[in-house]
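> quick one, structure for this:
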Amino acid sequence: MSAIKQSVCWGVVAPAGEPEDVVEQVSQIGYSSIEMSPPEVFPVIRDAGLDIAIFVGHASLADGLNRRENHERIYDELMNSLELAEEYDVPSLLCLSGNRYEGVSDLQGAEICAEILSRVAPTAEEKGINLCTELLNSKVNHPGYMCDSTEWGVHVCKMVDSPRVGLLYDIYHMQIMEGDLIRTIRENIAWFKHFHTAGNPGRHDMDEHQEIYYPAVARAIAELDYDGYVGHEFGPKGEDRIAAAQAAFDTWNV
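Okay, the predicted model is just below:
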């Protein structure tokens, strides 16, 4: 069983103070990474000796990969993001399928997503950077979002057939959509390049007031010798955001 590399999303801890102070406090907890920050914070994170595990590679969640009219824009955005990721040694970029829309089935949408990812994949392979389409729930937080099941996401990845094209498995979102977390992770770990966490319901702290037993999920991932990052992305219920980040780290320090 290998130790899990932990990352915390910038939004979890950013209100705790000035960037330099926040990054130092996160480093002292033991985190390996701070992710999803604005680019202007990248130098602060890297100067502190931390990684940037992932950031969003293209604009717009709802208006995403599954529309061909977006492909030229998204191609340019992803190519620029790959350059930035290479500059800061970022291993992964987050991609978003977009929402369902009239006249296009989920199967057709998957094919359209695969088209644009296939265009970008050779550059991602050359630079050694992952393209991670995020699995989100369409029941609570993102109504209409197309990449809302593991099966659909894996289907897109198989069509692209690139070692650098995978999924961001958000445990909170997939608890809402599918449950059956540990079995799904074990059976599909080859496609999961990054994880996100949060307590359900509410998308808050991973404490005793939510339904996911995260220590078991953490151990299951550690037993698979997964070498990517687990990023904590939640809204702390209390005012002490550094304490919330510490508690999340302790939950996953298996």
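> strands of the stretch 1-150 of the chain, start to end?
5-9, 33-35, 54-56, 92-95, 130-135 (DSSP state E, counting those that start in this stretch).
> given the fourth one, what are its sheet partners and their directions?
Strand 92-95 has its sheet partners listed here by DSSP bridges as strand 54-56 (parallel), strand 130-135 (parallel).
> same list, these, but as a markdown table with distance to residue 210 and mean pLDDT please.
For every residue, glycine as well, the C-beta is placed using N, CA and C. Below are the strands paired with strand 92-95 laid out as a markdown table (distance: least, CB to CB, whole Å; pLDDT from 0 to 100):
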| stretch | distance to residue 210 | mean pLDDT |
| --- | --- | --- |
| strand 54-56 | 23 | 98 |
| strand 130-135 | 19 | 98 |
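> need the winner for burial among the ones you listed.
Compared across those, strand 130-135 shows the largest average neighbour count, a mean of 26 (mean count of other CB atoms under 10 Å).
> next SSE after it?
Once strand 130-135 ends, the next helix or strand along the chain (criterion: DSSP states H and E) is helix 150-160.
> what's that next one packed up against?
helix 106-127, strand 130-135, strand 165-170, helix 181-188 (3 or more CB pairs under 8 Å, 6 or more residues apart in numbering; DSSP states H and E).
> just the CA trace of it, in CSV.
Output of helix 150-160 as CSV, limited to C-alpha atoms (Å, rounded to 0.1, in the frame of the first residue of the first chain):
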residue,chain,number,x,y,z
THR,A,150,-18.2,6.4,-15.1
GLU,A,151,-19.4,4.2,-18.0
TRP,A,152,-19.8,7.2,-20.3
GLY,A,153,-16.5,8.7,-19.3
VAL,A,154,-14.6,5.5,-19.8
HIS,A,155,-16.3,5.1,-23.2
VAL,A,156,-14.9,8.5,-24.3
CYS,A,157,-11.4,7.5,-23.1
LYS,A,158,-11.5,4.2,-24.9
MET,A,159,-12.4,5.9,-28.2
VAL,A,160,-9.5,8.3,-27.8
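> pull the distance from it to the chain's centre.
Computed by CA atoms, centre = their mean, to the nearest Å, the chain-centroid distance of helix 150-160 equals 16 Å.
> ok and it relative to helix 106-127, angle-wise?
Helix 150-160 and helix 106-127 are oriented at 60 degrees to each other (axes from the mean of the first three to the mean of the last three CA atoms, to 10 degrees).
> nearest residue to residue 223 in space, please, no chain neighbours.
Distances taken as CB to CB, 6 or more residues apart in numbering place residue 1 nearest to residue 223, at 5.2 Å, with adjacent residues excluded.
> check what pLDDT the one you found gets.
In this prediction, residue 1 carries a pLDDT score of 71.
> list the contacts of the residue most central in space within the chain.
Among the residues of the chain, the one closest to the centroid is residue 168, at 4.4 Å (CA atoms, centre = their mean). Residue 168 makes contact with 54, 92, 94, 132, 133, 134, 135, 192, 193, 194, 195, 196, according to CB atoms under 8 Å, 6 or more residues apart in numbering.
> how about residue 121?
Here residue 121 is in contact with 131, 160, 162, 164, 165 (CB under 8 Å, 6+ apart).
> distance of it from residue 156?
Separation of residue 121 from residue 156 (CB to CB, to the nearest Å) stands at 12 Å.
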